[in-house]
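# Just a sequence and a predicted model for now, questions to come.
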Amino acid sequence: MKSLLKIFLIIFIPIAFIVLANHYISSEIIKDNNYKQLKAVMSSNWDLISNISLNDIKSVKQYQKLKSIADKSNMRFTIVNNQGIVLLDTDITYDNISKMSNHINRDEIRNAMFNIPNFSIRTSETTGNETVYYAKMLNDNATLRIAYDTKYLNSTNDYTEYQALILLNVILILVAIATIITAIRLSDPIRKLNKMSDILLYDKNESIPEFTDATMNKISDAILITHKNLAKHKTLLDIEKEKINTVFEVMNEAILLIDNSSKLIYFNGKAEKYLGINLKEGINIKSDIMNINIINFISHALQNTDSKPFLTKLNERTFNSYVKKINDQSLIVFYDNTDQNNYDDYKNNLVENITHELKTPLSLIIGASETIINDTNMDNDIRNKFLQQINNNANRLNNIINDTIELCKLDSEEDMQYIDESTIISNLIEDIYNYLPKDSNKNIAYNINVDNGNVNIRHFDLLSILINLISNASRYSTGDNILVDIIKEKNKITIRVQDEGPLIPVEERNKIFERFYTVHKSRSRDLSGSGLGLSIVKHITNIYSGIINLKESEKGGGNCFEIILIEKRVINEK
C-alpha cells in the first residue's frame with residue numbers, strides 16, 4: 001500500500017502541478033484576449049458612431065438610437081464638446097444631460113483633446129463602477145467617449161474561468177484515474193519484488209510470487225539464481241570461516257588483526273585470556289582500552305616491522321610475539337612463553353645442581369680409588385677406610401639419582417585425579433620400619449587416628465613423605481625422640497613429624513624445600529642428604545592439593561613438619 005501511494009504521488013503531483021500551471025497561464029491569456037477583444041469592439045463602435053453629426057446628437061431621436069445601441073452592447077456613449085460640456089450620455093436620461101458636471105478634467109477627455117486616443121480603466125464618477133474608457137476627437141472638435149463597465153468583462157472572465165475550472169477538474173480526475181492505474185501496474189511488481197526479498201532475506205517458508213509480465217519473470221528468475229549461488233557460496237564461506245575460527249580458538253597463540261587507524265578487526269579467545277580483558281570487534285585499541293600496559297604492549301608490537309619474533313612482557317608474563325603486515329592491516333601473533341622460559345631456567349639450574357652434587361662424591365670416589373691403586377702396600381685398616389668412603393659416596397650418588405628420577409616422575413603426575421587403590425596404614429608403618437636403618441638410636445613413636453585404617457593416598461607417596469621427614473629428623477636432630485602423627489578428618493589427611501631440635505632458622509625455612517638445598521652446609525657429607533628429599537615432599541603435597549607448615553614442635557625446641565593432603569578418588573570407587 002505504501003509503495004502504491006508513493007508511486008501515485010510521484011506521478012500525480014508533477015502532472016497536477018503542470019496542469020494547474022497551464023490552467024493559470026491559460027486563464028491569464030484568456031483574460032488578456034477578452035480585454036483585447038473589448039478594445040477592438042470599443043474602437044469599432046467608436047468608428048461607427050463617429051459618423052453622426054453634432055446637429056443630430058441633440059435630437060431625441062438620435063439619443064434614442066444611440067441609447068438602443070448602447071443597451072445592446074452594454075456600452076455607454078458620451079459626447080463632450082471642447083468646453084467639457086456633455087452633449088450626450090446614454091446612461092443619463094435625455095432631460096438630465098444638461099445637468100451633468102463638466103468633463104473637461106476627465107483624463108481620457110483631456111488626452112483626446114490633445115489628439116491622444118487612449119484606453120484607460122478607472123472608477124466612473126457618474127456610476128461609481130470600475131469602467132474601461134476609450135475617447136477620441138470627432139471631426140468637429142467634439143470628443144466621443146465609449147465606456148464599458150468592467151463587471152461585464154469580469155462576468156465574461158468568470159464564466160470562462162468557471163468553464164476552465166470544470167475542464168481542469170475533469171482533467172485532474174482523468175489524470176488521477178490514469179495515475180492510479182499506472183501506479184497499480186507499477187507497484188504490483190515492486191510489491192512482489194519486496195515480498196520476494198523478504199522471503200529470500202529471512203528464509204520464509206513461502207512461495208515466490210509470480211509476475212504477469214514476461215520481463216519481470218526473467219528478472220525474478222535471475223534474482224533467484226543469483227540468490228541461490230550467493231547462498232551456496234555463503235554456506236561454503238561460513239564453513240571455511242568456522243574451520244578457521246576453530247583453528248584459531250584451539251591454537252595456543254593469541255591473534256589480533258588491527259588496521260592503520262588502530263581499529264580491531266579480529267581477535268581470538270587466547271587474546272582475551274592473555275590480555276586479561278574482554279575485547280570487541282570494531283573498538284579502537286588506543287582510545288577504547290583503558291589499560292595503559294596493554295596499550296603499550298600492542299603499540300610496541302605494532303612498531304616492530306621486521307617480521308622477526310621478539311619478546312615482550314605483560315602482567316608479569318613473557319610473550320613471544322611477531323607482527324605481519326597485510327596491506328593496511330597488522331596481524332599480531334603472540335603466545336605465553338613464561339612457563340617455557342621458567343622450565344628452561346629450571347632445567348639449566350637442575351643440570352647445574354645435579355652436576356655440582358654429583359661432582360663431589362665422584363671426586364671422592366676417584367680420589368680414594370686412585371689412592372688404593374697407587375699404594376699397593378697400604379695398610380688394611382687404611383684401605384678399608386678408603387673403601388668405606390668409596391661405598392658411602394657411591395650410595396650418595398645412587399640416592400641422588402633415585403631422588404632425581406622420582407622428582408621427574410612426580411613432575412608428570414601433578415594433574416593426577418584418581419588413584420588405583422587406598423593405602424592401609426598398618427602396612428605403611430611396617431614398610432617404614434623395614435626401610436629405616438636398624439642401627440638408628442632414635443625412638444620413633446606413632447600416633448595413628450584414621451577411621452577404618454585406610455586413606456585414599458597412594459602408598460608410595462605416603463611412604464616417600466614419611467621416609468624423607470623421618471630420615472631428616474634422624475639425621476639432623478640431636479634429640480632421641482621422633483613423634484609421627486597420622487590423622488584423618490573427613491577427606492583431609494594430616495601428617496606431622498616432630499623432632500627435638502635443633503630448630504631450623506626462620507630465614508632458612510622457605511628455602512629448605514628447594515632442590516639440592518641443605519641447611520647444614522657446614523656438616524660433613526656423611527650427615528648431609530641429597531638435597532632432594534624435601535623437594536619430593538613438596539611435590540607430593542602439590543599433587544594432593546595440600547599445604548606444608550614448618551613450625552616449632554609442641555614441646556618446644558624442636559621442628560614440626562606438618563603436611564595436609566586432600567584424598568583422591570579411587571578409580572573403581574562408585
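The structure has been received and is ready for your questions.
# mind giving me the domain ranges of this protein?
By the record's domain assignment, the chain is partitioned as 2-156, 251-336, 341-409, 416-570 (automatic domain parsing).
# By mean pLDDT, show me the worst of those domains.
Of all the domains of the chain, mean pLDDT reaches its minimum on domain 341-409 (a mean of 78).
# where does Ile563 land in three-state SS?
What DSSP: H, G, I helix; E, B strand; the rest coil gives for Ile563 is strand.
# quick one: it and Asn245, what's the gap?
Shown here: Ile563 relative to Asn245, a distance of 46 Å by C-beta to C-beta, to the nearest Å. C-beta coordinates here come from the backbone N, C-alpha and C atoms, glycine included.
# Which one of the two is surrounded by more residues?
Set side by side, Ile563 and Asn245 give different neighbour counts by other C-beta atoms under 10 Å, the larger being at Ile563 (23 against 13).
# Which helix or strand contains the residue nearest to that one when sequence neighbours are not counted?
The spatially closest residue to Ile563, leaving aside those adjacent along the chain, is Ile495, at 4.3 Å (C-beta to C-beta, 6 or more residues apart in numbering). The secondary structure element spanning Ile495 is strand 492-498 (assigned by DSSP states H and E).
# Just the CA atoms from that strand would do, formatted as CSV, please.
Written as CSV, here are the backbone C-alpha positions of strand 492-498 (Å, rounded to 0.1, in the frame of the first residue of the first chain):
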residue,chain,number,x,y,z
LYS,A,492,41.9,-34.4,54.9
ILE,A,493,45.0,-36.4,55.9
THR,A,494,47.3,-34.6,58.3
ILE,A,495,50.9,-35.8,58.8
ARG,A,496,53.2,-34.4,61.5
VAL,A,497,56.8,-35.3,62.1
GLN,A,498,58.3,-33.7,65.2
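# Touching stretch 76-87 from outside, list them.
Defining contact as C-beta atoms under 8 Å, 6 or more residues apart in numbering, one finds that stretch 76-87 is touched by 45, 49, 54, 57-58, 66, 69-70, 88-92, 97, 100-106, 109, 113, 131, 138, 141-149.
# Report the buried residues of it.
76-81, 84-87 (16 or more other C-beta atoms under 10 Å).
# and Lys359, how many neighbours?
Applying the criterion other C-beta under 10 Å, we find 10 residues in the vicinity of Lys359.
# And the helix or strand it falls within, what does it pack against?
Using DSSP H and E, the element containing Lys359 is helix 338-374. Other helices and strands packing on helix 338-374, by 3 or more C-beta pairs under 8 Å, 6 or more residues apart in numbering; DSSP states H and E, are strand 317-326, helix 380-411.
# From the contact counts, what lies against the next helix or strand after the shortest one?
Okay, so that is strand 317-326. Remark: after strand 317-326, the chain's next helix or strand is strand 329-336, criterion DSSP H and E. On a contact count with 3+ C-beta pairs under 8 Å, 6+ apart, strand 329-336 meets strand 254-259, helix 269-275, helix 292-303, strand 317-326.
# Tell me which of these sits most buried.
Mean neighbour count, computed with mean count of other C-beta atoms under 10 Å, is highest for strand 254-259 among the helices and strands packed on strand 329-336, reaching a mean of 20.
# CA atoms of that one as PDB?
Only the C-alpha atoms of strand 254-259 are listed here, as PDB (Å, rounded to 0.1, in the frame of the first residue of the first chain):
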ATOM      1  CA  ALA A 254      46.800 -15.200  20.500                       C
ATOM      2  CA  ILE A 255      45.800 -13.300  17.400                       C
ATOM      3  CA  LEU A 256      45.000  -9.600  16.900                       C
ATOM      4  CA  LEU A 257      44.200  -8.100  13.500                       C
ATOM      5  CA  ILE A 258      44.400  -4.300  13.600                       C
ATOM      6  CA  ASP A 259      44.100  -1.700  10.800                       C
END
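# PyMOL command to pick out the buried ones of the contacts of stretch 76-87?
Filtering those down to the buried ones (16+ other C-beta under 10 Å) takes a single PyMOL command:
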select buried, resi 45+49+57+66+70+88+89+90+91+92+97+100+103+106+109+113+131+138+142+143+144+145+146+147+148+149
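# Which members of the contacts of stretch 76-87 occur in strands, if any?
When DSSP state E is applied, the contacts of stretch 76-87 are split such that 88-89, 131, 143-149 fall in strands.
# from these, which two are the most distant?
The widest separation within the ones in strands among the contacts of stretch 76-87, taken as C-beta to C-beta, falls between Thr143 and Asp149 and amounts to 19.8 Å.
# Is Tyr266 within a helix or a strand, and which one?
Secondary-structure assignment from DSSP H and E places Tyr266 in strand 264-267.
# can you pull the buried residues of stretch 498-505?
By neighbour count, and taking 16+ other C-beta under 10 Å as the criterion, the buried residues in stretch 498-505 are 498-501, 504.
# of those residues, closest to Thr160?
Set against Thr160, the nearest of the buried residues of stretch 498-505 by C-beta to C-beta is Ile504 (126.2 Å).
# if I look at that closest one, how far off is Ala271?
Using C-beta to C-beta, Ile504 is found at 46 Å from Ala271.
# Equivalent analysis for Ser477, please.
In this structure, Ser477 and Ala271 are separated by 54 Å, where distance is defined by C-beta to C-beta.
# how about the helices in the protein?
For the chain, applying DSSP state H gives helices covering 2-49, 54-57, 60-73, 107-113, 150-201, 214-250, 269-275, 285-288, 292-303, 338-374, 380-411, 425-435, 459-476, 533-543.
# Tell me which of those sits nearest to Gly556.
Gly556 sits nearest to helix 459-476 of all the helices of the chain, at 15.8 Å, using C-beta to C-beta.
# Spit out the contact partners of Ile69.
Residues touching Ile69, when contacts are defined by C-beta under 8 Å, 6+ apart, comprise 45, 49, 75, 77.
# Let me know the closest of these to Leu397.
Checking the contacts of Ile69 against Leu397 by C-beta to C-beta gives Met75 as the nearest, at 150.2 Å.
# What is the neighbour count of that closest one?
Taking other C-beta under 10 Å as the neighbour definition, Met75 ends up with a count of 24.
# same deal with Ile239?
Applying the criterion other C-beta under 10 Å, we find 10 residues in the vicinity of Ile239.
# Arg458 too?
Neighbouring residues of Arg458 were enumerated by other C-beta under 10 Å; the total is 20.
# ok, now which ones touch the residue nearest to Leu256 when sequence neighbours are not counted?
Counting by C-beta to C-beta, 6+ apart, Leu256 lies nearest to Ile332, which is 4.3 Å off, once chain neighbours are set aside. With contacts defined as C-beta under 8 Å, 6+ apart, the neighbours of Ile332 are 255-258, 298, 301-302, 321-323.
# of the domains of the chain, which approaches Ile208 most closely?
Judged by C-beta to C-beta, the one of those that comes nearest to Ile208 is domain 2-156, at 18.1 Å.
# Now do that closest one: distance to the chain's middle.
Using C-alpha atoms, centre = their mean, to the nearest Å, the distance from the centre of domain 2-156 to the centre of the chain it belongs to is 81 Å.
# With stretch 438-451 instead?
Offset of stretch 438-451 from its chain centre (C-alpha atoms, centre = their mean): 68 Å.
# Give me the distance between the two termini of that stretch.
End-to-end span of stretch 438-451 (C-alpha to C-alpha, to the nearest Å): 30 Å.
# now Arg509: how far from Leu144?
Taking C-beta to C-beta as the measure, Arg509 and Leu144 are separated by 143 Å.
# Can you tell me, leaving aside adjacent residues, what's nearest to Glu253?
Tyr335 (4.5 Å).
# how many other residues sit next to the one you found?
By other C-beta under 10 Å, 16 other residues sit near Tyr335.
# Correct me if wrong: it contacts Ile255.
No: Tyr335 sits out of contact with Ile255 when judged by C-beta atoms under 8 Å, with a separation of 9.9 Å.
# What's the local residue count around Glu406?
Burial measure for Glu406: 18 neighbouring residues, criterion other C-beta under 10 Å.
# nearest spatial neighbour of it, skipping sequence neighbours?
Nearest non-adjacent residue to Glu406, counting by C-beta to C-beta, 6+ apart: Ile536, 5.8 Å away.
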